[in-house]
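Asks: show me the folded form of this:
(3 chains)
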Amino acid sequence: MIERRKDDSAASPEAKRKKKSKMKNKRRFSDEQIRLLESIFESESTKLEPRKKMQVATELGLQPRQVAIWFQNKRARWKSKQIEHDYAQLRANYDSLASGFESLIKEKESLLLELQMLNEQLGKSDYEINGVGKDLKRSDWSSSNRLNNNDNNDNNKSVDDFIASSEKWFNEDSGGLLDPSTSSSPQSHWLNFWV
DNA sequence: AGGGAAAGCTTCATTACTTCA
DNA sequence: CCTGAAGTAATGAAGCTTTCC
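Replies: Purely as a prediction, here's the structure:
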C-alpha cells in the first residue's frame, strides 16, 4: 500500500491542542438533520453518490465530509445491529432444533423401554405358553432383528447391550450436548444416535 | 500496453465529546 | 453536583479502485 497520509502520532502539542479544541466544537445533529439522513439511508442507499452527498450537505447545512462520516458511522451501527439480529435468529433456530432433538431422545428412550418390556414378555410367554423359552435366547432374537436393521457388524451384541450403550451415551452427553458453547461436534452425536 | 503516483473512496478501531440515569 | 455508561461525531490507519501521465 502507498502511504499517503502523514502520521501525526508525533504531532506537536500545539497541533494536538488545536485538534482537541476542534473536537470541542462537536455538536449533535438536529432531529431534522437526523430525520433526513435516516430517510435517505433507509429508502435510497446506504452509500451516497458524491453528487447526492453534496446535495444533502447543502440541504442540511453540513459539510459534505460530515455527511460522509454520518453515513460511515450509520453503516457501522447498522452492521452491528444486523449481526445481533442474525445471532438472535440463529440462536432461535438452534434452540428449536435442540428441543426437537431432546424430544427425539425421550421418544427413543420410551421406545427402548417398550421394546425391552415386549422382549421380556416374549421370552416369558414362549417359555410359559409354548415351553420353547429355554431354546429361544434373546440374543437370537436380537441378532435377527439387527439384520433387519442392516446392522451386521457385531453379531454378539444383544438388545441389552444396545440399550445399555445408548443410555450410557445419553447420560454422558446430555449435559453438554445441547450447549452451543461446547466444542464437540453435534454431527457426531447424531451419527452415534442413529448407528 | 503497462506501471507507478495520486486522489478519493471504503472499513475498522479508536478517541473525544455529549447526554442521561 | 458527580459519575459511569451509552451513544455518536470525528479521526487516523490501511486497503482498494480509478484516473492520469
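Asks: drop to CA atoms for contacts and neighbour counts, all remaining ones
Replies: OK.
Asks: pLDDT (mean, whole number) over stretch A:55-66?
Replies: The average pLDDT for stretch A:55-66 rounds to 88.
Asks: helices or strands next to the longest helix anywhere in chain A in the packing?
Replies: In chain A, with assignment by DSSP state H, the single longest helix is helix A:64-125. Counting contacts by 3 or more Cα pairs under 8 Å, 6 or more residues apart in numbering; DSSP states H and E, helix A:64-125 packs against helix A:50-60, helix A:159-177.
Asks: go again with 10 Å.
Replies: Where contact means 3 or more Cα pairs under 10 Å, 6 or more residues apart in numbering; DSSP states H and E, helix A:64-125 is packed against helix A:31-43, helix A:50-60, helix A:138-148, helix A:159-177, helix A:186-194.
Asks: now do it against helix A:31-43, angle only.
Replies: Relative orientation of helix A:64-125 and helix A:31-43, computed by axes from the mean of the first three to the mean of the last three Cα atoms, to 10 degrees: 50 degrees.
Asks: helix A:64-125 vs DNA strand C: in contact?
Replies: Yes. Counting by Cα under 7 Å from any atom of the strand, DNA strand C has neighbours in helix A:64-125: A:Q66, A:I69, A:W70, A:N73, A:K74.
Asks: residues touching the last one, list them.
Replies: What that stands for is A:K74. Applying Cα atoms under 10 Å, 6 or more residues apart in numbering to A:K74 gives the contacts A:L37, A:E38, A:F41, A:T46, A:A68, A:S80.
Asks: from the residues you listed, pick the one nearest A:S125.
Replies: Nearest to A:S125, judged by Cα to Cα, of these is A:S80 at 66.6 Å.
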